[in-house]
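# quick one: sequence and predicted model below, then my questions.
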Amino acid sequence: MNPPALFKTLAALALLPAFSAAAPAQPCANVGGKIGGSVTITVTGDCVINDRAVIAEGNVTIKSAGKTPRTITRGIGGPLITVKYGAALTLENIVIDGDKTNAPPADESPLVHVEPAAKLIMNDGAVLQNNTARNGGGVMVGNGGTLTMNGGKISGSTAEIGGGVFMKHGARFHMTGGAITGNTANDFGGGVFVNDAGSVTMSGGNITGNASGRVGGGVAVWGGVFTLIGGAICENSAPEGGSVYVYESAKFNNGPGETCPADNVPAHKAKKAASADLSPATGSFTAGPNPVSKYAEKITFFYSGGQISKGELTVFEESGKVVTKIKLRRGDRPRSPAADDKAKHPAGEWNLKDRKGRTVTEGTYLVKGTITVNGKKEKVSVTLGVR
């Protein structure tokens, strides 16, 4: 090749893009975003995900490659993984970490949110840990959703209610193995919170070392049924109901499983004994105006069954969180709302503020409690709408 031709060839080569090797695949590149179908996602290394995962349909399994569990760390607020209606997610040999020290703030931020009719299955080696959320530090199970825990661990998480697991109305939880440990709730259910119509069957595993700032260090059964067939609920702590707290009409069926006498059985029995002599209300318990404007001065409670001498009502959000408590005092016999909504009834009024004096937001609230009428205790409840 003559020199001019050689120079032209070298010049042409200089204009070509430089060769570079293909970038290595990210260890959990397929975990974030929308996921569907019957697929298995294998995580090859520790990683941080900044895109929420949505299990849209089908049966999805997330696990580590090999025997060493890999860790997926939260890098974004909100539910890290959401299992949508009708879908199922299986976790095995994988750690999901909420990084609660550095995680972006968000109101509802469980590690896994199981929507209605969806399923989450935890097998050996699956760990949900180190998260903070308003409700359900580890898992929030929606209406009609199902959590099955055959193994693994839910640990080290914090929430207002349900430090480890928060079960909404009608949710189901089957625990055959694994551990729920080291979780904390500011209000109810350090390990597990069971809301109205929820169902828990525990035939194995352990709920230990959890704590609550108010009631139910291990389990708070606010509604529905908790059946203990096997396993152990021990060494949890709370001011009331160290390991198990059962509220009024809820049921705790204590079978062959172990509940520690030192921190559970006395509180449980005392609660049942205290509510055993309560009768359903013989009169009509109502409130007016209902619904009420959140800017209103108050809402008044009425009872048609006789003179109320004393009592206490608790106002709850739909999630089960306590808004405030109302002491009832002796007063004039309440009239029906139609008689005179403007009449003052010191036996039962709510100023539409929470325990800290803040005006409540719009929504639906449940009021439950006990009243004493003619020397007899009765249970009452009413649902309020704030608009």
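Sure thing, it's come through.

# let me see the contact set for Glu349.
Each residue near Glu349 by C-beta atoms under 8 Å, 6 or more residues apart in numbering is listed here: Lys298, Ile299, Thr300, Phe301, Ile326. Backbone N, C-alpha and C define where each C-beta goes, glycine included.

# and the closest residue in space to the last one that isn't next to it in sequence, how many neighbours?
When the adjacent residues along the chain are set aside, Ile326 lies closest to Leu313, with 4.3 Å between them (C-beta to C-beta, 6 or more residues apart in numbering). Burial of Leu313, expressed as a neighbour count using other C-beta atoms under 10 Å, amounts to 21.

# how far does the one helix or strand Leu313 maps to sit from its chain's centre?
Assessed by DSSP states H and E, Leu313 sits inside strand 308-317. Its chain's C-alpha centre and that of strand 308-317 lie 24 Å apart, by C-alpha atoms, centre = their mean, to the nearest Å.

# check stretch 64-72 too.
That offset, for stretch 64-72, works out to 27 Å (C-alpha atoms, centre = their mean).

# what sits up against that stretch?
Against stretch 64-72 from outside (C-beta under 8 Å, 6+ apart): 27-28, 31, 42-49, 93-97, 125, 127.

# what average pLDDT does that stretch get?
Stretch 64-72 shows an average pLDDT of 94 in the prediction.

# can you check stretch 90-109 too?
84.

# buried ones in that stretch, by neighbour count?
Along stretch 90-109, the positions that meet the burial threshold by neighbour count (16 or more other C-beta atoms under 10 Å) are 90-100, 103, 108-109.

# now intersect the residues you listed with the strands, please.
Of the positions in the buried residues of stretch 90-109, Thr90, Leu91, Glu92, Ile94, Val95, Ile96, Asp97 sit in strands, assigned by DSSP state E.

# count of residues packed around Gly241?
When neighbours are defined as other C-beta under 10 Å, Gly241 has 30 of them.

# quick one: pLDDT of it?
Predicted confidence (pLDDT) for Gly241: 84.

# repeat for the one 5 residues further on
The predicted structure scores Val246 at 88 on the pLDDT scale.

# okay, and the beta partners of it?
Val221 (DSSP bridges).

# just the helices in the stretch 1-150 of the chain please.
Ranges of helices in the stretch 1-150 of the chain, per DSSP state H, counting those that start in this stretch, are 3-14.

# quick check: which ranges of it have low pLDDT?
1-26, 29, 103-107 (pLDDT under 70).

# same check on the stretch 251-387 of the chain?
255-283, 305-306, 318-320, 329-347.

# can you map out the helices along it?
Using DSSP H, counting those that start in this stretch, helices in the stretch 251-387 of the chain cover 265-276.

# turn the buried residues of stretch 90-109 into a markdown table, columns for distance to Asn374.
Conversion of the buried residues of stretch 90-109 to a markdown table gives the following (distance: C-beta to C-beta, whole Å):
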| residue | distance to Asn374 |
| --- | --- |
| Thr90 | 57 |
| Leu91 | 56 |
| Glu92 | 59 |
| Asn93 | 62 |
| Ile94 | 60 |
| Val95 | 59 |
| Ile96 | 56 |
| Asp97 | 57 |
| Gly98 | 52 |
| Asp99 | 57 |
| Lys100 | 51 |
| Ala103 | 54 |
| Glu108 | 45 |
| Ser109 | 49 |
